[in-house]
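A.B. asks: Sequence and predicted model, in that order:
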Amino acid sequence: MPTIAALPQAFALDTAKAALLIIDMQRDFLEPGGFGAALGNDVGQLRCVIAPLQVLLHAARGFGMAVIHTREGHRPDLADLPASKLARGRPGARIGDTGPMGRILVRGEPGHAIIDKLAPRADEPVIDKPGKGAFFATDLDDILRTRGITQLLVAGVTTEVCVSTTVREANDRGFDCVVLEDCTASYTPEFHALSLRVIAAQGGIFGWVARFTDILPSLAPPLRPNRSSTP
Ligand code: TIU
């Protein structure tokens, strides 16, 4: 079993029981005019994770590791949107209002989609979640247990909001989470750094923190026998 350099200590990765979980790489968070921008954020802060995530996703697919995507968003009738969450937007740019990418954070709208560069494949589950955590009001727990997955390599945005909430939910459910520090980002860099410190503090109170480049060697395609070299 490969051992990955990580904080607070090395992590024994079991590639057969691990999944790459990509949180909310949606246009609504990464492009101007979406939910992230409507909350007053600089969406440019998040775009640095796109290129590393493309490399990691390609490697995970090539290896045959399970890949699961999440999207934050609501039903078009907003029946799953708590009044408390609605009230915290900017007037005129709240969830359900119309922006440049369609209705903000509403399922089926252009802004709700995962960015093209990380588009899910047909065989990769996409979890639509109304909250910050990917386990709340979703079938993610069922999907992971059905597939025998016990370890999660967690990437996506934002570190202190949906990534951290999901990691805390997963940790309480018995999953081992490795958060990939260069494949997660925040609109506020200091929140990113602090969130990662919290996850790995106290002996790994919520999980592990690793670099995606330390994972990549474990995702090299399995070696196939080379006929010409056999006697
Ligand atoms: N606002 C913010 O940082 N994040 C969110 O609202 N959702 C996610 O993190 N996906």
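C.D. replies: Sure, I can see it.

A.B. asks: Just the element for A201, please.
C.D. replies: Using DSSP states H and E, A201 falls within helix 189-204.

A.B. asks: next helix or strand past that helix?
C.D. replies: Scanning onward from helix 189-204 (DSSP H and E), the first element met is strand 208-210.

A.B. asks: chain center to that following strand: distance?
C.D. replies: Centroid displacement of strand 208-210 relative to its chain, using CA atoms, centre = their mean, to the nearest Å, is 14 Å.

A.B. asks: Can you pull the residues of the chain lying near the ligand?
C.D. replies: D24, F29, G36, L39, E72, K132, V157, T158, V161, C162, Y187 (CB under 6 Å from any ligand atom). (Each C-beta comes from the backbone N, C-alpha and C, glycine too.)

A.B. asks: how far away is the closest residue to the third one other than its chain neighbours from L153?
C.D. replies: Closest residue in space to G36, ignoring its immediate chain neighbours: F29 at 4.3 Å, by CB to CB, 6 or more residues apart in numbering. F29 sits 20 Å away from L153 when distances are taken as CB to CB, to the nearest Å.

A.B. asks: ok so, going back, the residue nearest to G36 reaches D42, doesn't it?
C.D. replies: No. Counting by CB atoms under 8 Å, F29 stays clear of D42, with 11.6 Å between them.

A.B. asks: between those two, who's got more neighbours?
C.D. replies: Neighbours per residue (other CB atoms under 10 Å) separate F29 from D42, with F29 holding more: 28 against 11.

A.B. asks: Toward the C-terminus, what is the element adjacent to the helix or strand hosting the more buried one?
C.D. replies: Assigned by DSSP H and E, F29 belongs to helix 27-30. Once the chain leaves helix 27-30, the next helix or strand it forms, by DSSP H and E, is helix 35-38.

A.B. asks: For the helix or strand just after that following helix, which helices and strands make contact with it?
C.D. replies: Downstream of helix 35-38, the next assigned helix or strand under DSSP H and E is helix 50-63. In terms of contacts (3 or more CB pairs under 8 Å, 6 or more residues apart in numbering; DSSP states H and E), helix 50-63 is packed against strand 18-23, strand 66-72, strand 151-157, strand 176-185, helix 212-215.

A.B. asks: what does the helix or strand bottoming out on mean pLDDT in the chain contact?
C.D. replies: Of the helices and strands making up the chain, the lowest-confidence element is helix 35-38, at a mean of 92, by mean pLDDT, DSSP states H and E. By CB atoms under 8 Å, 6 or more residues apart in numbering, the surrounding residues in contact with helix 35-38 are 28-31, 43, 46, 72, 89-90, 93-95, 97, 99, 104-105, 111, 158, 187.
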